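**Q** Provided below are the primary sequence and the corresponding predicted coordinates.
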Amino acid sequence: MLKPYRVLDLTTGKADLGPMILADLGAEVVKVEPPGGAPSRGDALRFAAYNRNKRSVTLDLETTDGQAALLDLVRGADWLFEDAGPGEMAALGLGWDQLREANPRLVYVATTPFGQGGPYSGHLATDLTLAAMGGMMALNGDADRPPVRVSVPQTWHQAAAESAVGAMVAHHLRERTGVGRFVDVSVQAAVFWTGLQAMIAAAVQGKDMERAGTALQLGTLTLPLVYPCADGEVVMIGNGPTLVPLVPWMVADGVVPESWIGDEEWASYDMKVLQGLPLNHDYEEVMARLADWTRKFTKQELLERGLANGVTIAPVATIPELLDFNHLRERDYWRDLEVRPGVTVRGSRRVRARLRDADRARARGARGRRGKRGDRSAHSAAGSGAPGGLAFRGIEGGRLLVDRRGADHREVPGGPWGRGHPGRNGEPARPVARGGPVQGRCVRAEPVAVLRGVQHVEAVDRAQPEDAGGAGDRAEADRVG
């Protein structure tokens with residue numbers, strides 16, 4: 001899809017998902033790393049997962065030679081992504097104003113905690129503070145307890161995904177006008193859009209959305225979603241369509257007496273609760289009996305019974321269970337991932353064993369470079385390969401080894417990018433023709449369908465070319481989202 005295009009990835013590990021999405025869509029992505037490699041290489045598994053389908057070049061951007069080399073790359077690039085603080089790239093002479101002089105068609109995508117301008121733009125932030133200030137935490141947790149964040153860091157992933165969408169919107173504008181754009185992505189603003197249901201709650205139901213733990217708020221009715229079972233939990237909505245088949249099951253399994261079948265008009269039970277109509281069995285009693293019933297069975301038993309009878313009962317899967325999930329196994333979803341030469345993380349069973357060993361190390365108080373357990377599990381899933389596409393096999397020495405489904409592994413030899421500057425590990429550089437073949441193109445990728453968190457998309461200059469589709473003599477900044 002993006003085969004003719006080239007991306008420069010200057011992200012430092014926080015926003016590398018954005019360029020990765022474009023890589024999965026077929027773009028040729030060049031990761032620009034400082035001498036010694038990007039700091040994010042310290043977590044080799046995470047680095048490999050989020051830098052699949054990319055190639056690498058080492059440049060010291062604090063030197064005149066490194067800055068000149070980057071400008072050479074910019075002249076042949078279509079996008080540039082970075083996640084430095086506001087003004088940091090400009091201080092090096094490599095900001096938006098400088099780079100657009102080298103390439104007026106460049107789309108420059110900058111992702112920062114609070115955006116490029118405003119009173120908070122220079123503030124430092126963590127995943128915790130961004131989740132709080134973006135509104136996400138206000139909706140997470142139990143109503144009678146303080147708000148909580150999602151335990152696996154999410155905020156920069158949200159913003160990085162939106163940066164990819166913002167890049168494509170700017171690309172669309174570039175195709176119409178012939179000029180590049182500056183895309184200002186705020187992590188806080190991107191996180192805000194994760195609470196879309198809360199934004200419209202008051203208009204729909206007359207009151208704001210409130211924290212309800214694992215419950216579902218439907219107007220004045222709060223339905224529990226998570227029920228205990230013999231080996232964990234399942235998700236199920238105890239509304240009318242679910243109660244119609246479940247009440248006879250509860251009778252057959254000895255949880256409620258047979259009289260329950262005729263005690264209520266179960267198909268409309270939840271509507272009667274909402275309308276305050278008389279009931280033979282109050283709402284709390286029915287939900288409690290549902291929980292008594294689910295406790296009698298395992299997650300798999302409930303899943304299979306639901307599937308066989310058209311009832312939605314979903315297991316709350318642990319990471320080991322997800323790695324062994326037969327549906328993903330049949331789809332050949334999990335892939336081996338080479339995180340560095342000679343070190344390969346194997347899919348499914350070996351990943352689970354790796355997680356278990358790492359958990360034991362954490363229990364002994366070991367502190368390594370792999371991060372939290374949730375991080376590792378997310379990295380395993382993210383790095384296992386896009387559906388039907390290519391699994392990234394690692395960046396080392398200017399080489400990219402990719403795995404195409406149905407084909408043998410192949411190696412792209414030589415150093416990275418030519419123009420007289422060296423590749424990683426001192427390998428000789430080689431020229432790459434603009435618009436040349438893409439190494440590691442994703443055959444099939446999941447599209448990103450929404451644009452959120454992009455503060456503004458700014459034109460390269462105010463003067464539009466005469467063939468810009470009649471858009472006028474001046475192009476104001478396009479504000480999106």
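**A** Looks like it arrived, so ask away.
**Q** mind listing what the residue nearest to the spatial centre of the chain touches?
**A** Centroid-nearest residue in the chain: residue 157, 4.8 Å away (criterion: CA atoms, centre = their mean). Applying CB atoms under 8 Å, 6 or more residues apart in numbering, one finds that residue 157 lies in contact with residue 17. All C-beta spots, glycine's among them, are computed from the backbone N, C-alpha and C.
**Q** from residue 108, how far out is the closest residue to residue 112 other than its chain neighbours?
**A** Spatial nearest neighbour of residue 112, excluding adjacent residues (CB to CB, 6 or more residues apart in numbering): residue 86 at 5.7 Å. Counting by CB to CB, to the nearest Å, the gap from residue 86 to residue 108 is 13 Å.
**Q** what do you get for residue 128?
**A** 29 Å.
**Q** more neighbours: the two, which one.
**A** residue 108 (27 against 13; other CB atoms under 10 Å).
**Q** the more buried one against residue 180, yeah?
**A** Yes. Taking contacts as CB atoms under 8 Å, residue 108 lies within contact range of residue 180: 6.9 Å.
**Q** now the common contact residues for those two.
**A** Joint contacts of residue 108 and residue 180 (CB under 8 Å, 6+ apart) are residue 100.
**Q** most distant residue from the centre of the chain?
**A** Farthest-out residue of the chain from its mean C-alpha position, per CA atoms, centre = their mean: residue 259, at 49.0 Å.
**Q** now it: how far from residue 252?
**A** With distances taken as CB to CB, residue 259 is found 14 Å from residue 252.
**Q** do the same with residue 106
**A** 67 Å.
**Q** for residue 142, see how far away the spatially closest residue to residue 131 that is not a sequence neighbour is.
**A** Nearest residue to residue 131, sequence neighbours excluded (CB to CB, 6+ apart): residue 149, at 4.0 Å. Distance, residue 149 to residue 142, using CB to CB: 14 Å.
**Q** compare those two (neighbour count), which wins?
**A** Legend: neighbour count by other CB under 10 Å for residue 149 and residue 142, higher for residue 149 (20 against 13).
**Q** got phi/psi on the more buried one?
**A** In this entry, residue 149 is assigned phi and psi values of phi -100, psi 160 (degrees, to the nearest 10).
**Q** so which helix or strand takes in the residue nearest to the centre of the chain?
**A** Using DSSP states H and E, residue 157 sits in helix 155-177.
**Q** please enumerate the helices of the stretch 251-400 of the chain.
**A** In the stretch 251-400 of the chain, helices defined by DSSP state H, counting those that start in this stretch lie at 260-263, 269-275, 283-294, 299-309, 319-323, 326-330, 349-363, 373-382, listed in chain order.
**Q** compare these and say which comes out lowest on pLDDT.
**A** For the helices of the stretch 251-400 of the chain, the weakest mean pLDDT is recorded on helix 373-382, namely a mean of 29.
**Q** now do the SS call for the nearest residue to residue 286 once chain neighbours are set aside.
**A** Nearest residue to residue 286, sequence neighbours excluded (CB to CB, 6+ apart): residue 238, at 6.8 Å. Classification of residue 238 by DSSP: H, G, I helix; E, B strand; the rest coil places it in coil.
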